[in-house]
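> Next one to model:
(one chain, ligands or ions: 2)
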Amino acid sequence: MIKPPPLRNDCFALPAGTHWTPVDEALALLRDRLTPVTAVETLPLDQAVGRVLAKDVSAKRSNPPLPNTAVDGYGFAGPIPDGPHMLSLMAGRAAAGIAFDGVVPAGSALRVLTGAALPDGVDTVILQEDVTADSNQIAFHGPLKKGANARRAGEDVVADEVILSKGRRITPADLALAAATGLSELPMRQMLRVGVLSTGDELVEAGQAAHKVQIYDANRPMLLALLHQMGFVPVDLGRVGDDRDALRARLDCGAAQVDVILTSGGASAGDEDHVSALLRQAGAMQQWRIALKPGRPLALGMWQGTPVFGLPGNPVAALVCTLIFARPAMGLMAGAGWAEPQGFQVPAAFEKRKKPGRREYLRARIRQNRVEIFASEGSGRISGLSWAEGLVEISDEAATIQPGDMVRFIPYASFVM
Ligand code: AMP
Ligand code: MG
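Ligands and ions are numbered 1, 2, ... in the order given. Alright, predicted model coming up:
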């Protein structure tokens, strides 16, 4: 098993200039430059669910493999014209998994049970409820079309047809399809391993004693859980203070065990912004000034060949940047292709005015078929993240939204599928 080549060190370079990069431009850059980084392995079906298919997969056999009956009843050669009919009943029967060894001549019928392969001479079946039968004959009313109540060979899937495409996240139904068409294993990507590291002298682990000037690390439990929901392997890289050596050591340790690192905090250009400082020293850091609210600052860089998303410390911004930027980027690196979240146009239950020049995401939820937004836009308001069930996206242009205007709502669930 070999791994794809690592990403290039300049994969996060932004066009020169000091302007604020529009969200779509930033996303297009990520989309162009990132490639899958995870190795491919063959897995039995029972280990494939939720994971990413590495190659297109074709059916080994048709489904159904032979024509069969869709109901319990009697089989014969169709079509049958309008009016009353009597057919002589042959001895024996065809049942699922047990072929009838013989031919059914014209004018005769055979007892058939659901799923039984149609014997030679049978292409049409009548439901047992529509028949009166004794041991020698059956009587019923026509008409019946040729092929009634029967399934054609390959009507579902034909052998060698592509049944599942590369990049797909395998669902339980996909396992049914793969098994039915003769497959017992699938070529899968190894799961993308994503490290999560919190930075900041003020942070304390949840549950521990905290001085009044300290705050609990809220980002790490959120991001680790989110990554798990997204189908990646979350790796807890812990918490470090605003200390460059400690941070350097932790990034070294993280880069050795994961495919991507998400840090939060310390990503702007201040004195205590050590994530951006270290990435800049490593020579592979870009301060992304993205025209996004909430969002800035975002530091993207490479640490010993491992991409690092330096997310803002504010929990709201950390979550929005993860959903909008890190998630599609990680999807590409995981081999799942670039996925846009599915949004819906819903009438607004709120008013909002916004200037042109940046994209905004508001914490939102749907009640009574209208989308409500959280009362405060403050990026430290964690209660609003929890209150919300998704985001409203307001486009880069100026906007004046009145109640009843249609706005784009993206449920949280759309980001984790
Ligand atoms: P920074 O991006 O480091 O300047 O942090 C911005 C704000 O987010 C500050 O108020 C930090 O205290 C807060 N913050 C940073 N990291 C976390 C975290 N892991 N959990 C909760 N708040 C945080
Ligand atoms: Mg900080």
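> make it CA atoms for all contacts and neighbour counts henceforth
Noted.
> show me the contacts for the closest residue to M90 other than its chain neighbours.
Once its chain neighbours are removed from consideration, M90 has its nearest residue in L110; the separation is 5.4 Å (C-alpha to C-alpha, 6 or more residues apart in numbering). Under the criterion of C-alpha atoms under 8 Å, 6 or more residues apart in numbering, the contact list for L110 reads 74-76, 89-94, 104.
> pLDDT below threshold where in the stretch 251-400 of the chain?
By pLDDT under 70, the stretch 251-400 of the chain contains no weakly predicted segment.
> Could you give the number of residues near the residue in the stretch 151-300 of the chain that ligand 1 sits nearest to?
Ligand 1 sits closest to G265 of the stretch 151-300 of the chain, with a gap of 3.3 Å, by C-alpha to the nearest ligand atom. Counted with other C-alpha atoms under 10 Å, the burial measure for G265 works out to 25 neighbours.
> Could you report the neighbour count for the closest residue to it other than its chain neighbours?
Leaving out its chain neighbours, the residue that sits closest to G265 by C-alpha to C-alpha, 6+ apart is G313, at 3.6 Å. Applying other C-alpha under 10 Å, we find 27 other residues in the vicinity of G313.
> Likewise for the one 10 residues further on?
Here the number of neighbours of L323 (other C-alpha under 10 Å) works out to 19.
> now it, nearest residue through space, not along the chain?
Leaving out its chain neighbours, L323 is closest to F415 (C-alpha to C-alpha, 6+ apart), at 6.4 Å.
> Then D201?
In space, and not counting its chain neighbours, D201 is closest to G241: 4.2 Å by C-alpha to C-alpha, 6+ apart.
> Check L113 too.
In space, not counting the residues next to it along the chain, L113 is nearest to D72; the distance is 4.3 Å by C-alpha to C-alpha, 6+ apart.
> Mind pulling the model confidence for the one you found?
What the model reports for D72 is a pLDDT of 98.
> Enumerate the residues of the protein near ligand 1.
Among all residues of the chain, those adjacent to ligand 1 (criterion: C-alpha under 6 Å from any ligand atom) are 198, 200, 217-220, 264-267, 312-315.
> One more pass at 8 Å, please.
With C-alpha under 8 Å from any ligand atom as the criterion, the chain comes near ligand 1 at residues 198-200, 202-203, 215-220, 264-268, 270, 272-273, 297, 311-315, 380.
> which stretch of helix or strand covers the residue nearest to G265?
Taking DSSP states H and E as the criterion, no element holds G313; it sits outside all helices and strands.
> quick check, the residue nearest to L323 in a helix?
Yes. Counting by DSSP: H, G, I helix; E, B strand; the rest coil, F415 is located in a helix.
> Just the CA atoms from the longest helix belonging to the chain would do, formatted as CSV, please.
Counting by DSSP state H, the longest helix found in the chain is helix 244-257. Output of helix 244-257 as CSV, limited to C-alpha atoms (Å, rounded to 0.1, in the frame of the first residue of the first chain):
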residue,chain,number,x,y,z
ARG,A,244,6.6,29.2,20.7
ASP,A,245,8.8,26.2,21.7
ALA,A,246,5.9,24.3,23.1
LEU,A,247,3.8,24.9,20.0
ARG,A,248,6.7,24.0,17.7
ALA,A,249,7.1,20.7,19.6
ARG,A,250,3.4,19.9,19.5
LEU,A,251,3.2,20.7,15.7
ASP,A,252,6.2,18.3,15.1
CYS,A,253,4.5,15.6,17.1
GLY,A,254,1.1,16.3,15.3
ALA,A,255,2.6,16.3,11.8
ALA,A,256,4.1,12.9,12.4
GLN,A,257,0.8,11.3,13.2
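> what's the helix or strand just after it in contact with?
Along the chain past helix 244-257, the next helix or strand (assigned with DSSP H and E) turns out to be strand 260-264. Contacts of strand 260-264 from elsewhere in the structure, counted by C-alpha under 8 Å, 6+ apart, are 192-199, 219, 254-255, 275, 306-313, 318, 330.
> got the angle between strand 260-264 and helix 244-257?
Here strand 260-264 runs at 150 degrees with respect to helix 244-257, directions being taken by axes from the mean of the first three to the mean of the last three C-alpha atoms, to 10 degrees.
> buried ones in strand 260-264?
Buried residues in strand 260-264, defined by neighbour count with 16 or more other C-alpha atoms under 10 Å: 260-264.
> Let's see that strand as PDB, backbone CA atoms only.
Listed next in PDB are the C-alpha coordinates belonging to strand 260-264 (Å, rounded to 0.1, in the frame of the first residue of the first chain):
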ATOM      1  CA  VAL A 260      -4.100  17.600   8.500                       C
ATOM      2  CA  ILE A 261      -3.900  19.800  11.600                       C
ATOM      3  CA  LEU A 262      -6.500  22.200  12.800                       C
ATOM      4  CA  THR A 263      -5.300  24.700  15.400                       C
ATOM      5  CA  SER A 264      -7.500  27.400  17.000                       C
END
